[in-house]
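In: Here's my sequence, what's the structure:
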Amino acid sequence: MSEMVTTAHDEAGAIGPGRLVLVVGPSGAGKDTLLRLAQAACIDDPEIVFPRRIVTRASSADEDNIAVSQDEFQRAREHGDFAVHWEAHGHSYALPLEINDDIRAGRAVVVNVSRTVIAALRQAYANVVAVTITAPPDVLAQRLAARARHSDGNITERLSRSVDDSSAQADVTILNAGSAEYHSRQLVRVIRNEGWHE
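Out: Numbers count the residues shown, from 1 in each chain. Below you'll find the predicted structure:
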């Protein structure tokens, strides 16, 4: 698996004053489910933005990505349309350049990214909060098997990568082994900068 990150920096330095909330975690952890519930909970708050990722893979029922071809992705990247982009699991991912305007306007921008870009994004943005969503290995295996998405590739390989250092880089870790509604409320409190313990 190769990842590469390119960010669009302000000449004046790190982009702020808004918050960039990075959601990371292993495949099968339930990131998309918690993000979908959190987005629904924040739907009436114009100060919280959930931008759609651009991905060179067809969207699934659990994701709200913008699917593009590799050629379309390459053209957009060369045109400077992305705030950040990276490669993972044989696909290309990006976040739209417009997130920088939201952050400059003081909004909270919530995004699902690879853990490999956390360090670069902490340098590019002034106010970054990293949230790791994870689950016990047996739960991850069950969820990946149930999802049975061809683009996931080898489940055993993905699970072996799930024991990673994203928790060490995280400001908050959510163990998503219980009710999705409960854990989504934890995520919403982080997004709203209210802490997350009940």
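In: can you give me the strands in the chain?
Out: Remark: strands assigned in the chain by DSSP state E are 6-7, 19-24, 48-49, 54-55, 66-67, 82-88, 91-96, 108-112, 128-134, 172-175.
In: In contact with the residue nearest in space to the middle of the chain, which residues?
Out: Residue closest to the average C-alpha location in the chain (Cα atoms, centre = their mean): N112, at 0.9 Å. By Cβ atoms under 8 Å, 6 or more residues apart in numbering, the contact set of N112 is 23-24, 31-32, 35, 53. The way it works is simple: take the backbone N, C-alpha and C, and place the C-beta from them, glycine included.
In: on that earlier part again, got JSON lines for the strands of the chain, with distance to R192 and mean pLDDT too?
Out: Shown next, in JSON lines, are those (distance: least, Cβ to Cβ, whole Å; pLDDT from 0 to 100):
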{"stretch": "strand 6-7", "distance to R192": "25", "mean pLDDT": "58"}
{"stretch": "strand 19-24", "distance to R192": "10", "mean pLDDT": "96"}
{"stretch": "strand 48-49", "distance to R192": "8", "mean pLDDT": "98"}
{"stretch": "strand 54-55", "distance to R192": "26", "mean pLDDT": "94"}
{"stretch": "strand 66-67", "distance to R192": "26", "mean pLDDT": "90"}
{"stretch": "strand 82-88", "distance to R192": "22", "mean pLDDT": "91"}
{"stretch": "strand 91-96", "distance to R192": "21", "mean pLDDT": "94"}
{"stretch": "strand 108-112", "distance to R192": "8", "mean pLDDT": "96"}
{"stretch": "strand 128-134", "distance to R192": "11", "mean pLDDT": "95"}
{"stretch": "strand 172-175", "distance to R192": "13", "mean pLDDT": "93"}
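In: Please identify the deepest-packed of those strands.
Out: With neighbours defined as mean count of other Cβ atoms under 10 Å, these peak in mean count at strand 19-24, which reaches a mean of 25.
In: so what does it touch, helix or strand wise?
Out: Here strand 19-24 touches helix 31-41, helix 99-104, strand 108-112, helix 118-124, strand 128-134, helix 180-191, going by 3 or more Cβ pairs under 8 Å, 6 or more residues apart in numbering; DSSP states H and E.
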